[in-house]
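Asker: Take a look and give me a structure for this.
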Amino acid sequence: MSVRRRGARWFGIAALLTLALAGGAPAQAAEVKVLSAGAVRSIVTELAKAYETETGNTVTLAFGTVGVVRQKLATDPADVVIMSDTALDDAIAKGGVAADSRTDIARTGMGIAVREGAPKPDIATAEALKQTLLAARSIVYVDPAQGATSGIHFASVLQRLGIADAVKSKTTLVPGGYPAELVAEGKVELVAHQISEILPVKGVTFVGPLPRELQKVTIYSAGRAAKAANVELARGFIAFLARPAFRAKFAEAGLDYKE
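Answerer: Residues are numbered from 1 along each chain as shown. Okay, the predicted model is just below:
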């Protein structure tokens, strides 16, 4: 046997011994499957990338309205679920989310936006908002039938203002996503949505939050799905999202709302 072949042979044996001592095989990256409400989409997407960089694990994200997330939790694989606190509590009560896992991660309110460059309308009071909505050529918000927190609340705002019928013909309802994009494209004049889902959209100007008496502050909470494939992995991702070091990022994304 030549010196070269003998050296290669011993190198291979040494490599096998190293693997055996380390546990038999190199560690493989794990996958965290996350079902999330759209209101926290921008920050969860950003932090998921940071988590992947730090841990080497991968994160698979699926976003939708709270209603859609409820449905997917019943049918789709999931490790972590992020919804409004009331929806998550309901999922816990029904056994879909582990009772000891709820972690509040965000607070957001609802607001109004118009196309970038357009004058900012007056929405400082309930009466001012009412007149602005009546004067608007068109309005868009998320369809309440989709189980969207923002859509359900804004529909109730229109009822409280007594203008639901008056604005119905000029209102566009969308199934989810970022309805502010229709405003940016010039297709609709005004959008009502969660502040955290207005700020990421380029081409719109955030006018301000709804008046205090019409506002709805929603807390978004993360929890471990009862069917999580890896309990510790799910716990780790939730703890990562809740790190105090990320609070400033949540605030920038409109997810640390203070009245």
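
Asker: Next, the contact list for residue 170, please.
Answerer: For residue 170, the contact set (C-beta atoms under 8 Å, 6 or more residues apart in numbering) comprises 136-139. From N, CA and C alone the C-beta is placed, and that goes for glycine too.

Asker: top of those by neighbour count?
Answerer: residue 139 (23 neighbours; other C-beta atoms under 10 Å).

Asker: residues contacting residue 44?
Answerer: 34, 36, 61, 82, 241.

Asker: let's see it at 10 Å
Answerer: 34, 36-38, 51, 59, 61, 63, 80, 82, 105-106, 220, 222, 241, 253, 255 (C-beta atoms under 10 Å, 6 or more residues apart in numbering).

Asker: State the pLDDT value of residue 16.
Answerer: The model reports residue 16 with a pLDDT of 40.

Asker: swap that for residue 104, sorry
Answerer: At residue 104, pLDDT is 98.

Asker: ok, it to residue 238 distance?
Answerer: 11 Å (C-beta to C-beta, to the nearest Å).

Asker: ranges for the helices of the stretch 101-250 of the chain?
Answerer: Per DSSP state H, counting those that start in this stretch, the stretch 101-250 of the chain carries helices over the ranges 126-135, 149-161, 164-167, 180-184, 231-241, 247-252.

Asker: just to revisit the earlier point, list just the nearest of the contacts of residue 170 to residue 74.
Answerer: residue 139 (32.7 Å; C-beta to C-beta).

Asker: can I assume residue 45 sits in a strand?
Answerer: No. Applying DSSP: H, G, I helix; E, B strand; the rest coil, one finds residue 45 to be helix, outside a strand.

Asker: didn't it look like it was pressed against residue 200?
Answerer: Yes. Using C-beta atoms under 10 Å, residue 45 is in contact with residue 200, at 9.5 Å.

Asker: how close does the spatially most central residue of the chain sit to residue 222?
Answerer: The centroid of the chain falls nearest to residue 40 when counting by C-alpha atoms, centre = their mean (2.4 Å). To residue 222, residue 40 is 9 Å away according to C-beta to C-beta.

Asker: intersection of neighbour lists for these two?
Answerer: 82-83, 105-106, 241.

Asker: Could you identify the most distant pair in those residues?
Answerer: That would be 83 and 241, which, of the shared contacts of residue 40 and residue 222, are the farthest apart (C-beta to C-beta) at 13.5 Å.

Asker: Compare those two (neighbour count), which wins?
Answerer: Between residue 83 and residue 241, counting by other C-beta under 10 Å, residue 83 is the more crowded of the two (28 against 21).

Asker: pretty sure that one belongs to a helix, no?
Answerer: No. Under three-state DSSP, residue 83 sits outside any helix and is assigned strand.

Asker: any idea how far it is from residue 190?
Answerer: Taken as C-beta to C-beta, the span from residue 83 to residue 190 is 27 Å.

Asker: cool, and residue 202?
Answerer: For residue 202 relative to residue 190 (C-beta to C-beta), the value is 17 Å.

Asker: So those two - more neighbours on which side?
Answerer: Shown here are residue 202 and residue 190; by other C-beta under 10 Å, residue 190 has more neighbours (26 against 8).

Asker: Kindly list the main-chain dihedrals of residue 202?
Answerer: phi -80, psi 150 (degrees, to the nearest 10).

Asker: What subset of the contacts of residue 44 is buried?
Answerer: Buried subset of the contacts of residue 44 (neighbour count, 16 or more other C-beta atoms under 10 Å): 34, 36-38, 51, 59, 63, 80, 82, 105-106, 220, 222, 241, 253, 255.

Asker: Kindly indicate which of those residues lies nearest residue 117.
Answerer: For these, the nearest to residue 117 is residue 253 (23.3 Å; C-beta to C-beta).

Asker: if I look at the spatially closest residue to that closest one that is not a sequence neighbour, how far off is residue 179?
Answerer: Leaving aside its sequence neighbours, residue 253 sits nearest to residue 43 (C-beta to C-beta, 6 or more residues apart in numbering; 4.5 Å). Distance from residue 43 to residue 179, counting by C-beta to C-beta: 19 Å.
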